[in-house]
Each structure stands twice: as C-alpha cells, then as structure tokens.
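Enquirer: turn this into a model:
(2 chains)
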Amino acid sequence: MKLTIAVLLFCCCFTLPAFTQISYTVKGLVIDTTTNDQLHDATVSVLDAKDSILQTFTYTNKGVFNVSNLKPGKFLLLVTYPDYADYSGHFSLDEAHPLYDFGSIRMILKSTLLNEVLIKAKVAAIKIKGDTTEFNAASYFTQKNAKVEDLLKQLPGMRINQSGAIIFQGESVGKILVDGEEFFSDDPAMVTKNVRADMVNKVQVYNQKSEKAKLTGIEDGVKVRTINIVLREDKRKGLFGKAEAGLGNDDHYMGRAVVNKFSPKQKMAAYGSIGNIGNTGLSGDDRGKYATGNAPIYYGGMGLPSSRDAGVHYDAKWNNDKQSVNTDYSMGMLAVDNMSNTLRQNNLPGNFNTSNRNSTARNKFNNRMLVVNFNSKIDSTADLSAKVSGSDGHSSYDSQSNTTTLRGNGTSLNDSKINSTSNNNYENASASVNYVKRFKKKGRSISLNARTSLNQSDTKGYLRSDLNYYNDQGATDSTNKIDQYKPVAYRSNNISGGFSYTDQLAKSVSLTASYNFLKDASNNERLSYNHSSVALYGQLDSAFSNKFKYSNQSSTYGISSAYSGNKMNVNINMNVADERLKQTEQFQSTLLERNFVNLQPGANFSYQLSKAASLSLNYSGNTVQPSAYQLQPPQQNTDPLNIYLGNLNLGREFNNRLSYNYRVYQPTKDQGINFSGSYTTTSNAIVSNRVTDSSGVNTYQYSNLSGKRPDNWDVYAEVYGHVTKLDFLASVVLSISGNKSFNYINKQLNTYRFTKYSPRVSVWTGKPRYSFNIGMGPDYVLNSTSLQTVNNNSRGYSADLSNYVRLPGNFFMGSDLTYRYTAKNQVFDKGFQQTLLNAYIGKLFLKNEGLKVTIKGNDLLDQNTGYSRSNPDGNFIESRYAVIKRFFMFSLSWDFAKFGKSLQPQE
Amino acid sequence: MMMRLQFIFFICLSLFSGNGLFAQNKHFIRSGTIEYERTVNMFALVKKKVTKTTMENKPLYEQYLRTEPQFRKMKSTLTFGPGTTIFSPLPAEEVDWRYNTSMANQLNVVFSDLKNGMSTIQKEFFERTYLVKDAIRKIKWKMTDETRMIAGYNCRRANALVLDSIYVVAFYTDEIHVSGGPESFNGLPGMILGVAVPYENVTWFATKVTETVVDPQTIVPPKKGKVVNNKELYEEVMKVIGIHGDYAITVLKGVLL
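Expert: I've put the predicted structure just below:
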C-alpha cells in the first residue's frame, strides 16, 4: 500500500509539470507528388526561421514525422530526400497553437521538376535571387587569356547574336558594369573584349531601374537589362592588358593596345588603335559590332577607312565610397574614301523616271571628347550628382557626283555634275546637376535638376554644279550653272531645369508630379556668295542666303502613378507641354510664331504569370509638332533637282503605339519562348508632297493628311531550346513586319505598302575548345505603291556560319561565312548574290598562352560589295558602294596580366 | 494561345522524363567506413609562426616558401554504426620540427557515442597522451541551401562557430543516416563528408565511402592516456603553452579543434 502511494506520488511529481509545460510539436506526412508514395527515411530538419540555426532533425517513418520537445517560436521546416527537390515551409508555435500539422508534404523529383521550383543541385553554379541571376564564374571553364565575352558565351541563357548584341533569356542587354561601376561610358566592348575571364568571380544579370527610379526609389516601369561583372577579390588589384599588331598585303595594317591598372578604390585604363581595316576602339572587326553613340569615331562599313583613336578612363571612390568620380577622355580620327552608285526609280502617277548617280567622296573626321561624372552621398537621405561633358572636332568633306535621269520611256530628262567641298569646326559643352532628397516617410522624395548646353559650328563650303535639262526630243532645253561659296554658322544654347515630387499613397502605390522648363535659342546663318570677276566670291546671292533666329520655350507638366506589387507592375503617366516657337528670317523679313500644346500619355503593365513566364503591355501616345525645317526651310540650291518649300500652316500629328511582349524562360532546360509585337498608327500625319515637273525637278512640301492613317506593325516569335541530348541550342524565329504610308505625288495621293516575312532557323554551341553557329532563312517582301502597276516584290535568302576549334599543339583555326541573295524583280533587273568568307589559323605560345600568332584571310572569295535597297517617299532605291575587299593579314598579339600575389587559392 | 503552348510544353516534357515519374524508395546507409583526407595549407600555417614578437622566424618562413610544398595531406578513417563512430588517423610523415605546429598534425582518436551524447578522445599533446571523456561537442549549425558533391554524395552546406570563435564550414549528406563526422564534428541531419576551417587553413574531405556491416563490438573507445575532462584538459594545456607568448592561441586552436 505504502508502495502504491509512493508510486502515485512519484508519478504525480513527474506528470504535474507536464500539465503546465506544453509540448510543442510539428508533424506531417512526406509523399511523392506524382505517385503519392510515402517517402521512408526522408530527412526532416527544423531550423530557426530567423537565422537558420538547426534546432533538431528526424527521419520519417514511412513518410510520417513528428518532432516534439520544441520551444515556442518561428521555424522553418526543411525536408530533403535524395533526387527530390528540397521542400521548405514556415511555421510558428506558441501557447495558443502548440501543434502545427503540415498535412501532406508533396515532394517533386528533380527530373520531373519544371520551373515551379528551381533546382538546387547546380545552385553553386547558378543562383537566382528575386530578379537577379547570378553565375559563379569558376563553374565555367574558359581558355587561358579568355575575355569576359568568352565567359558570357558559356552561360546558359546568354547568347551573342550575329550583330554582336548580347541577349539574355531573349532580352537584349543594355548595360555592362564592372563591380557596379560604369567603365568607358558603357561601351560594352571595353568590358567584354578587355577584362579577363579569370578575373571574374560572379556574373550578375538583373533589370536595373531607370536612373530616375534609382535616385527617387520609385518604380517608373522602365527597366534596363544589366550585366554586372563582379571581380575576384584577389584580381581587384593588378595590371593587365593586350597588345596586337598586324600587317597584310595591299598596305593593310592594324595595331591596337589596351592597358588597365585596377585597385580596389580606383581603376585606370588606356587604349589606342590604328589601322585601315575598320578597327576602332576595341571593336573586333570591320562591322563595328559594339560601337555605341559614345565612341569618338565610328566606321559604319561604307567606303575604305583609315583610322586612329585613343582614350583613357579613370574612376575613383573615397571617403567610405561616399564620393566618386568617373571620367572618360577619348579622341579619334577617321578618313573614309567612298565610291558609290545609286539607282533610283521616282514614281509618278502612271509613270516614273529613273536616275543613276555615280559619286566619289572623301570624308575626314577628327573628334575629341571628355565626360566627367561626379556623385556624392551628402548623407543617407540626399544624393548629389553632376556631369560635365565637352567635345570638339573638325570634319572635311569633298564629293563629286554625276547623275543622269531618264524618263520612263528611256529618253534623257536631265543630267548633273556636282562638286561640293566643306570644312567644319564644332564645339559642344554641357553641364548638368541633379539633387535628390528622400524624406523620412518611405517613398517620399523630391528631386531637382538643371542643365545647360552650348553648341556652335562653323562651316566653309564650296558648291559647283552643272545641270542640263533636255526636252522630249533629247535636245538641250536649258542649263543651270552654280559656282558659290557657302559659309554656315550655327550657335545654340539651351537652359533647362525642373523638379519632381514623389509620394507614396499606399503601400505599393506612388504618385509623382513634375515640372520642367526649357529655353532654347539658336542662330543659324547660311550665306551664298557668287563667283564674280571683280572679287573672288564677293557677291552675295540673297535668294539662297538665310539668317534664322530661332527660339523655343516650353513648360512641361507631368503626373504619373505607379503600382508595384509582387507580380504586377502598373504605371500610368501623362505629360502636357506648352511650347512657344518663334523664328525670324532676316533676308525675307519673315516671322514665324506658333504655339503648341503637346500631349504625351502613356501606360505600362507587366505581370509575372509564373516563375518562368511574364507578360508586358505598353501604350504610349505623343504629339509630334512640325519641325522648323518643315514649317520654314532655308532656301537652298545645293541640290537643284530637289527643292524644299515650307508650309506655315502645318499642324501637329499624333502617334499611338501599342506593344506587347510575352516571354517564357525555363532555366532548368535552358529553353524559352519570346513573343512580341507592336502596332503604331498616326493621325493627322505630316506627309510629303512631291511635285516633279517636266524637267525632272522635285519640289517637296509637307502637309497634314486627313481621312487616312499611316501605320506600321511587327510580330516577332521565337522558340529556342536544346532539341536533343546533343549539346547545342536551336532557335526558330518568325518575324513579320509591315507598314502603310502615304504621300502626294504631283497632287495625287500615293499609298505605299510594305510587308516583310522572314523566318529563320539557327543552331549554335559554345565550348572553350570549339564553337559553331549556323543560321539561315529566306525572306519575302511584298512592296507596292498605288500609283504604279509594277510592284517591287522581292525574295531573298541569307545564311551565316561560323566556327572555331582548338587543335593539338596549341594551334587553332576558324572561319565565318555570310551568304546573301536577293532576286531580281520588276523594278531592278539585276539580282544580288554574295558569299563572304573569312578564315584564320594560328598558334599560341608561352606557358600562359599569352602570345598568339594568327594568319587571317578576309573575304577569301573576293566578293564583298556594298549593297542596300530602300524605299523613301514612295520611291525605290538601290545603292552599291565601296567596301574593304580581299586581303590577308599576319598578326601578333600579346596578353599580359600581373595581379597581387595571393598565398591562398580561392575556394 | 501561349498558355496553351506552355501546356503542350509541359505535357511533352512530362512524357520525355517518364522514367523519373515513379518514386523509388531510396536506400540509406547506416554503417560502414569513410576515408578522409586532411589538407593543411602549410604556407599559411608557417606564416603564423612569424608574429610581432617572433620576427626572427621570417627568414624561416621565406625558406619554407622556396623549398617546401604548400599543401600537406594526411589520411584517416571513420568507422560508424547506427549510434557510434570511431575516427582514427593513419600515420603520416613527420614535419620538420622548425616548421611544425599543432594544426599540421592529426592528434586525436575520437570515439563518439551519438545515442548517449558522450565522447572519448585520445589526444596527443607533445610527449603526453590524454584521454578526454566528456559530452560530445554541441555545435549550433546554421543551414544553407548551397550543395556540392563529395565522394559521389550530394552534400548540403552548414556553417558554425566552434570553440567560441572558429568559423567552420561543413558539408553533410542525408543519404547516410548517422549524425557523425571527422574529428569531433557532428550534429547534422546526416554524415559530414567535408569540413573546411578557412581561417585555420585546414580541410577534411571524404575520398571514399564504403557501406559494410560493422560489428558494434569493434567500435570501442580508446584506452590510453591520462583521464581528464574538457575543463581539466584546457587547464593543463594552458599551463604548458603559456611560454609560447602571442603564438599560444594558435597552438591552442590546433590542440583543441
């Protein structure tokens, strides 16, 4: 009995605390999502939700788990099972809820996993954090001395298309940064062809907000796809670069060098380039693949070039990175000799005439530019940034052309011989400052901006032209001779300023109101002096001299509202501008005064349909006011066959543009779909009126079109992915574009229609030791004008192929081939066919493969000719021009790099 | 239209990966042996011998850089059953006494009784041998979602601080259901196949995992040495290494880790 009481007491003592102390428990059942099998021995871990510290773990028994003896708090449950994707879920336990039941946890096999859950197996190679995709560079193998470009080619979802644009998951990349800093004003080649792949720690790809959104912290719907190259810690300090020189037959040569000195707080770089094969900056070849607006000189592929250019970059941060400066200075010289032939069909009501123009020209440009950016974080709530830039240069132009124009029946209409030369000097300077203050209330900020710029240019030109008109019988009807000196002086300055205020109305809704003021004033003097016997060019020709004084004042009021949620972003905005335009002409004493109210509505909508798919819709509308040139052009005789008249009553036109973009990208399979399109229509469109008289002189004037609306549209559909287990990517693209436009020809309305279908199939692969890509497709154009019975329909075909392979014994070789074919048609009686083949072979020397010897053959088949077709103002034009032709080049290049010695290899 | 395309995509993909659709209940390992390789970065360890008060060691360090290899590798085995493990180092070449340091050597035979949370460590300390009997080391692991393959097993990374200040990175696999590891590392939801102690310049990585039936009788605690607990060991060690001046903390870490 005593024993029983003792036992009872004992039990009570031990069970009593159990009544007061609650047992906190989590339980659940782990099953396979497709078969509903219960997974035995799955690992179930309980982590602290705040810091991921492991609290306890257990293994399931036939799928069942039950973890007790937990403390109250917030936790994360992690369930893992080999070959299955991890499951994680939050739960919390407190006195009111001591038990949490997960119910059935459905695990997904990694092999059946689509994109609903991202695979963790390669997480060391690719990490996706929100909007950012991060690649660990060490996971991708590149050759010694490889550059960032070679690394980018290896990354899944990244490709570099035929024209050199970098495309990530179907969207083109707009900006490349190094450690978050701009390097050579965004010229991507300075990063992709200069920075070494072995310096890269991570490659991050994200959508950067627009500059304004970054400063104010408010979404405005504008996104710039950006690549940020994060350097390895041990490669942030060092010296590296490359020097290259080549010599070829027929006096072809090139030389190029770039040197960089990096340290954690500052970067310095300098480059120089010289040659006559179209190489400028670090652009790889004569196509000027990466050239952006910032390049001091740019060779567009027409004519025979000779160039020199150089530049330096410096950026530095100090005072705990609160202040920074970023500077680029570049200068360049480009001389181009060009010869061209242009065939043109001028369409007339029920008739046409054709002209054939041969011209030779020599252009020369010298340019220097300096850009300095300064940023300062005044404190945690205010930023100040300032930018000063200046450029100056000199250009000269000398051209001679012979044109003969025939009537539709083949008889001569006119012929002309024009020789014009000009010398131009120009200077531009601008300064801007931007201040942003963020208030304590989240999302409230004010920004102020001011900008001023000065531009001036002086041109001295000479024009000599001989023009003969012929009558129906082929006899000379009249002649026109011009021999004039034509100086042009242009000065302009403008000042603008404004402010914007942004406030957060609700958790994810913000409103911005802004005001901007602009004052633009310019003087434009174009004089013509006739050659006289008394004084050399001393006699002013007032009929072709103009002195314009132009001023424009505008006030723009804007309001926009943005909603940004987890999956959806919406932005609606409206700008209203009040513009006052005033132009006086002193010779004719004319005064032009017009006031315009311009509207600019817009709306953007983007929606994340799933982790893989997103959709965006955009609308924008804008008023386009007639230019001063359309209202009151200068009276000129530089081209006596084409004369422009003004129309002081010209009104505004209004554009509506609608576009959409649907994108699917599945990272696990590296495949996706891009489907985009746009439609633009213009009401009250400003159209040209051409009157061609019996002697073949075209007179142009602009007027508003009523009753009809020009439009243009395009549709782009692309599907890409790994078709087979073979390691290459294939894509199928269909693009269709079309437009309908109007103009008046000899008072009759002409409707111009153009539709182009171009399907294309491409296959490519990029490995360090070999790479190739093939793309091909036909194109078909439907092109007609209502005043003509013949159409300008054409069909063509294009293909390109390139490959690179590393051979034993440190040899390498490669080639690229481009084939273009355009068939003859009713307008042009000659077709066009061209096969361009470039090939190279070389060998690498030194232990680090830093020395490279290459022999390159450019245009081996000697078929390169410049060729293009275009259709301005309802006419059909075909031009052929001089280009760089076949040559062979022997070149030597040396890569060098020296970094701070590190004792420990990076993990 | 596109939604439908996506749906078709999904169907096709599901069809192609058909063999993966059926869950196989995976086999989990509960006993066997693991071979580990310990790698130490001798350049870094020898450099630590050069302190403010022992600048005379600098020429020694420079000589080491010129004449000796950077990495020293040593082998060890871990034999494990469902609740117990024994970690024993294999004999290794000795390091020249001028360059030697505690972290460069494998000092411990470690027996862990995971069920009862006790461990017995036979520890070499200069000429002495201790037999440390105490509770197994409790480690607060911070889990991550980073994974890597080690010896053919998919391992997850966890980080921790041990001995108050030493940063440790461990990789464990959930395919071996024993919560042990090399030396005194334990406590993760599976076997630890890799450990890196970056600031102490030492790593352990499994090179081979063999599943065998292990007779529990063969996993027995070591017996040699003076019996102490952790606190007593610490006191004994501190008495001796006080003479090392500002290098003492480095010695201590090597002995206790």
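
Enquirer: run me through the strand neighbours of the strand ranked longest in chain A, direction for each.
Expert: Counting residues, the longest strand found in chain A (DSSP state E) is strand A:476-506. Strand A:476-506 has these partner strands in its sheet, going by DSSP bridges: strand A:445-470 (antiparallel), strand A:509-526 (antiparallel), strand A:529-530 (antiparallel).

Enquirer: in JSON lines, list those strands along with mean neighbour count and mean pLDDT.
Expert: C-beta here means a position set from N, CA and C on the backbone, and glycine is covered the same way. Formatted as JSON lines, the strands paired with strand A:476-506 follow (neighbours: other C-beta atoms under 10 Å in any protein chain shown; pLDDT from 0 to 100):
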{"stretch": "strand A:445-470", "mean neighbour count": "18", "mean pLDDT": "92"}
{"stretch": "strand A:509-526", "mean neighbour count": "17", "mean pLDDT": "91"}
{"stretch": "strand A:529-530", "mean neighbour count": "17", "mean pLDDT": "90"}
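
Enquirer: okay, those in TSV with distance to residue A:721 next?
Expert: Formatted as TSV, the strands paired with strand A:476-506 follow (distance: least, C-beta to C-beta, whole Å):
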stretch	distance to residue A:721
strand A:445-470	44
strand A:509-526	39
strand A:529-530	67
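
Enquirer: surely residue A:80 and residue B:155 touch.
Expert: No: using C-beta atoms under 8 Å, residue A:80 makes no contact with residue B:155, being 11.0 Å away.

Enquirer: run a quick neighbour tally on residue A:244.
Expert: 19 (other C-beta atoms under 10 Å in any protein chain shown).

Enquirer: that should have said residue B:210, apologies.
Expert: Neighbours around residue B:210, by other C-beta under 10 Å: 11.

Enquirer: quick check: bridge partners of it?
Expert: Beta-bridge partners of residue B:210, as defined by DSSP bridges: residue B:33.

Enquirer: that one is in contact with residue B:32, isn't it?
Expert: Yes: assessed by C-beta under 8 Å, residue B:210 is found in contact with residue B:32 at 5.3 Å.

Enquirer: Three-state assignment for residue A:198, please.
Expert: Taking DSSP: H, G, I helix; E, B strand; the rest coil as the rule, one finds residue A:198 in the helix state.

Enquirer: let me see the contact set for it.
Expert: Contacts for residue A:198 (C-beta atoms under 8 Å, 6 or more residues apart in numbering or on different chains) come out as A:142, A:144, A:146, A:235, A:897.

Enquirer: from those, which land in helices?
Expert: Among the contacts of residue A:198, none falls in helices (DSSP state H).

Enquirer: which one of those sits closest to chain B?
Expert: Proximity of the contacts of residue A:198 to chain B was ranked by C-beta to the nearest C-beta; the top entry is residue A:235 with 18.9 Å.

Enquirer: now that closest one: closest residue in space that isn't a chain neighbour?
Expert: Distance criterion C-beta to C-beta, 6 or more residues apart in numbering or on different chains; nearest residue to residue A:235, sequence neighbours excluded, is residue A:199 at 3.9 Å.

Enquirer: per-residue confidence for the one you found?
Expert: Confidence at residue A:199, expressed as pLDDT, is 88.

Enquirer: my guess is it contacts residue A:230. True?
Expert: No: between residue A:199 and residue A:230 there is no contact under C-beta under 8 Å: 9.9 Å.

Enquirer: between the two, point out the one with more neighbours.
Expert: residue A:199 (24 against 19).

Enquirer: which ones are touching the residue in the stretch 701-850 of chain A that chain B sits nearest to?
Expert: With C-beta to the nearest C-beta as the measure, residue A:719 is the residue of the stretch 701-850 of chain A nearest to chain B, at 8.5 Å. Neighbouring residues of residue A:719 by C-beta under 8 Å, 6+ apart: A:672, A:673, A:731, A:732.

Enquirer: give me the contacts around the helix or strand where residue B:240 lies.
Expert: For residue B:240, the enclosing helix or strand under DSSP states H and E is helix B:230-241. Helix B:230-241 has contacts (C-beta under 8 Å, 6+ apart) with B:123, B:125, B:126, B:130, B:132, B:134, B:228, B:248, B:251, B:252, B:255, B:256.

Enquirer: tell me who's in contact with the third one.
Expert: For residue B:126, the contact set (C-beta under 8 Å, 6+ apart) comprises residue B:240.

Enquirer: now do the phi/psi pair for it.
Expert: Dihedral angles of residue B:126 (phi, psi; degrees, to the nearest 10) stand at phi 50, psi -120.

Enquirer: for it, give me the pLDDT.
Expert: Residue B:126 is given a pLDDT of 76.

Enquirer: ok, it to residue A:665 distance?
Expert: Computed with C-beta to C-beta, to the nearest Å, the distance linking residue B:126 and residue A:665 is 61 Å.

Enquirer: so where do the helices sit in the stretch 1-150 of chain B?
Expert: Using DSSP state H, counting those that start in this stretch, the helices of the stretch 1-150 of chain B run over residues B:2-16, B:42-47, B:58-67.

Enquirer: scratch that, the stretch 151-257 of chain B
Expert: Here the stretch 151-257 of chain B has its helices, by DSSP H, counting those that start in this stretch, at B:230-241, B:248-256.

Enquirer: packing partners of the host helix or strand of residue A:661?
Expert: According to DSSP H and E, residue A:661 maps onto strand A:653-666. Strand A:653-666 sits against strand A:613-624, strand A:671-683, helix B:2-16, with contacts defined as 3 or more C-beta pairs under 8 Å, 6 or more residues apart in numbering or on different chains; DSSP states H and E.

Enquirer: and the longest strand of chain A, which residues are buried?
Expert: A:480, A:482, A:484-488, A:490, A:492-494, A:496-498, A:500, A:502-504 (16 or more other C-beta atoms under 10 Å in any protein chain shown).

Enquirer: just stretch B:113-125 next, same as before
Expert: B:114, B:119, B:120, B:121, B:122, B:123, B:124, B:125.

Enquirer: closest to chain A out of those?
Expert: Among the buried residues of stretch B:113-125, and counting by C-beta to the nearest C-beta, the member closest to chain A is residue B:114, at 12.6 Å.

Enquirer: for the closest one, give its distance to residue B:83.
Expert: For residue B:114 relative to residue B:83 (C-beta to C-beta), the value is 5 Å.
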